[in-house]
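Chemist: The sequence isn't on hand, but the structure is:
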C-alpha cells in the first residue's frame, strides 16, 4: 500500500474483495459485496452472509430506509472531529465509547488491541461504558460472551457518524468521531493510545458533576470531576513550598499553612508527591483533606494536609477545563 499521496482521496486499492482507501492519511476500509465467514469465540460454528444481506439486516434493525446525512463538524480535536451542539451520550451515567470494525479489516486489526486495552482500563475503573462492535460477526470484542446481533441503537450511532459505511469508525461520547486510524501511516500505536486517553479524559471531565475553578473573567481554569479526572489550563508542579499568587484557590493544613493551590491561570502546585494520576483508589488521605467524591461517597480526588495529590483518573495539563 501507499501513503502520503498528493491526492490521497482519489487512491483506491482492490484487496481480498474489499477496497482499501487512504483518505487524508486516515486508514479506512470500504465495504464491498463479499461473503464473510466468521467463527464464534470458543466454538466451531460459522456464520455466512453477504455484505448486501448484512446491510439489509442493519436497515431492518433501524426500521428505516432513509439515508443518513453526513455530519458537518465544527472543529477538530487531534485527529477527531466534533460538533458543539451534540450532547455526550451516557449509559448508567457514564460516557459511551464506540469502535466499529470488522474481523477482516487490516486497519481494524492494527488498532484493535490498543483500543481494547485503553477502554477496558477505564471501564474497570467505572468511568465509561465501551463497545467494540465487529459488524461482520455482530460481536462485541470487549465481552467474553458471543453476541450475535449489533443493537439497533449502536447501528444508529454508526450510521449517524459514518453514513458511507467504512471502518474502523470511532465515536467517543456521540460528540467526537474519527473515520480510520490517525497514526497508522507512522505505525505509531503510542500516539493512538495517547490521543484516546486524552479525549476520554476530556469527555469525563466535561461531565456536569465536577468542581470548577474560574478566574475573575469567569473563564474556567481548572476542573475536578467526580469521575477522578483533573483538567488544568496550566501545568502541575510539585515543589517544597507553594506560595500562591493573588486570586488563587488555596488548600491549607490545620495550622493555616498553604500546602497547595490552583492559581488564576490554572496552574496547580502541590508540596508532596507528584502530579501522576491513575491511582487505584484515593481512600487514605493523610489527615484532613480537600476531597472530590462521587455519588456513592467514594473519594476520587484529594489534596491532603501534607499537600499530597491523589486522583483516580488522569491529570490533563494545558487543557480546556
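Modeler: It's in. None of these values were measured; they are calculated from a predicted model. Residues are numbered from 1 along each chain as shown.
Chemist: C-alpha only now, for contacts and for neighbours.
Modeler: Noted.
Chemist: which stretches of this protein form helices?
Modeler: Assigned by DSSP state H, the chain shows helices spanning 51-62, 106-124, 152-161, 189-205.
Chemist: average pLDDT for the shortest one?
Modeler: Computed over helix 152-161, the mean pLDDT rounds to 97.
Chemist: Against residue 98, how distant is residue 123?
Modeler: Using C-alpha to C-alpha, to the nearest Å, residue 123 is found at 12 Å from residue 98.
Chemist: and if you look at residue 174?
Modeler: In terms of C-alpha to C-alpha, residue 174 sits 9 Å off from residue 98.
Chemist: Okay, domains of the chain per the record?
Modeler: 8-205, 210-316 (automatic domain parsing).
Chemist: which residue sits closest to the residue nearest the centre of the chain, ignoring its sequence neighbours?
Modeler: For the chain, the residue sitting closest to the mean C-alpha position, by C-alpha atoms, centre = their mean, is residue 200 at 3.1 Å. Computed as C-alpha to C-alpha, 6 or more residues apart in numbering, the closest residue to residue 200 that is not its neighbour in sequence is residue 172, at 7.4 Å.
Chemist: Tell me which of the helices of the chain sits most buried.
Modeler: Mean neighbour count, computed with mean count of other C-alpha atoms under 10 Å, is highest for helix 189-205 among the helices of the chain, reaching a mean of 19.
Chemist: now the angle between helix 106-124 and it, please.
Modeler: 40 degrees (axes from the mean of the first three to the mean of the last three C-alpha atoms, to 10 degrees).
Chemist: so residue 178 makes contact with residue 171?
Modeler: Yes: if you go by C-alpha atoms under 8 Å, residue 178 and residue 171 touch, sitting 6.7 Å apart.
Chemist: how many neighbours does residue 286 have?
Modeler: The number of residues packed near residue 286 is 13, by other C-alpha atoms under 10 Å.
Chemist: That one and residue 271, how far apart?
Modeler: 13 Å.
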